[in-house]
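1. just coords:
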């Protein structure tokens, strides 16, 4: 079968290769991939701008769903032909304090699809049954594949933050995670919802407005700190979500957050922070990291997708075959797409 493989530890060392089809391991199913989303981290691995270890060679792709083609030995609870979507934690130890307390997304031994073990930019992938969730009727694979980034945003805002209906939420970065964060903030009643981007994000910012952002600001054109201060009566935002991740956005987050407020950081940034974090101390503000998701979040998000509470149609701007993976990566890298979905056929 054809697969998009990261084969080295340098920039550009990704290619389409012919690889053997896997079989379903014990306790796994063999999943025929229906669709797989391209994540910003796939681009970072392509460019090798990553802060985590990538096992190579490895098939990329961790946002995916499909149809069960075969059951491995001991695999129960699912049937051949069933439409399912998969979580990302391909391996967890099951015995560490995080696993035992249900926070298996934080297992120190965790290996994720697409970087620690083979992912889904291919036709078939072996998936543990504990990762699987049924796709609701009427939800196409192209939408189901984006359950994962929606779960990242849900986990960040609902699980790790303290949003309050009627209070301001500022979201920095209008990429897919930021746009899903806008939708989740709307669902929990945040108001106003401010989405912040740059001049290169104009298209995505318009999508953000259609999804629930009440105000949109451009760094470099708008005095974002002054505008947020004015809107909040000088107090700042109780919740700031950094969905971009670089040092500049963390610095801006510290300017925007209210005293005793919270900054929730989703975005990764490999470069060191070269400024003082004292504003967090002065404001007694909390800086909260957030990573991945768990079973409960997946079930909630799938329900919201099925009901239309989380909208997928505006998020999927391109659907391409995996043979056009490089075009897909450039569309994401150049911010010409909101979300690109790859199909194996």
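-> Thanks, I have it. This is a predicted model, so every value here is computed, not measured. Residues are numbered from 1 along each chain as shown.
2. count of neighbours near residue 70?
-> 15 (other CB atoms under 10 Å). Bear in mind the C-beta positions are built from the backbone N, C-alpha and C, glycine included.
3. what sits against it?
-> Shown in contact with residue 70 (CB atoms under 8 Å, 6 or more residues apart in numbering): 23-24, 29-30, 80.
4. and it, what element?
-> Using DSSP states H and E, the element containing residue 70 is strand 63-71.
5. coming back round to it: so which of the contacts of residue 70 are in helices?
-> Using DSSP state H, no member of the contacts of residue 70 falls in helices.
6. PyMOL command to pick out the buried ones of those?
-> Buried residues within the contacts of residue 70, by 16 or more other CB atoms under 10 Å, are selected in PyMOL with:
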select buried, resi 24+29+30
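7. including pLDDT, could the contacts of residue 70 go into JSON lines?
-> Output for the contacts of residue 70, formatted as JSON lines (pLDDT from 0 to 100):
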{"residue": "23", "pLDDT": "97"}
{"residue": "24", "pLDDT": "97"}
{"residue": "29", "pLDDT": "98"}
{"residue": "30", "pLDDT": "98"}
{"residue": "80", "pLDDT": "98"}
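8. for residue 121, state which of the contacts of residue 70 is nearest.
-> Closest to residue 121 out of the contacts of residue 70 is residue 30 (16.2 Å), distances taken as CB to CB.
9. the closest one against residue 67, yeah?
-> No. Using CB atoms under 8 Å, residue 30 is not in contact with residue 67; the gap is 10.0 Å.
10. one step back: from the contacts of residue 70, which two are the most distant?
-> So, the contacts of residue 70 by CB to CB: farthest apart are 23 and 80, at 14.0 Å.
11. show me the strands in the stretch 151-300 of the chain, by range?
-> 169-172, 193-197, 215-218, 237-242, 257-265, 286-289 (DSSP state E, counting those that start in this stretch).
12. could I get those as a markdown table with distance to residue 55, mean neighbour count and mean pLDDT?
-> A markdown table is the format used below for the strands of the stretch 151-300 of the chain (distance: least, CB to CB, whole Å; neighbours: other CB atoms under 10 Å; pLDDT from 0 to 100):
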| stretch | distance to residue 55 | mean neighbour count | mean pLDDT |
| --- | --- | --- | --- |
| strand 169-172 | 31 | 30 | 98 |
| strand 193-197 | 34 | 27 | 98 |
| strand 215-218 | 39 | 18 | 98 |
| strand 237-242 | 28 | 28 | 98 |
| strand 257-265 | 26 | 21 | 98 |
| strand 286-289 | 23 | 14 | 98 |
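13. among these, which comes closest to residue 43?
-> strand 193-197 (17.6 Å).
14. can you map out the strands along the stretch 1-150 of the chain?
-> Going by DSSP E, counting those that start in this stretch, the stretch 1-150 of the chain shows strands at 2-6, 14-18, 28-37, 58-59, 63-71, 83-86, 89-91, 111-112, 124-128, 132-134.
15. and the contacts of the fourth one?
-> Spelled out, it's strand 58-59. 3-6, 19, 114-122, 125.
16. roughly how far does the closest residue in space to residue 129 that isn't next to it in sequence sit from residue 212?
-> For residue 129, ignoring the flanking residues on the chain, the nearest one in space by CB to CB, 6 or more residues apart in numbering is residue 75 at 5.2 Å. Relative to residue 212, residue 75 is positioned 40 Å away (CB to CB, to the nearest Å).
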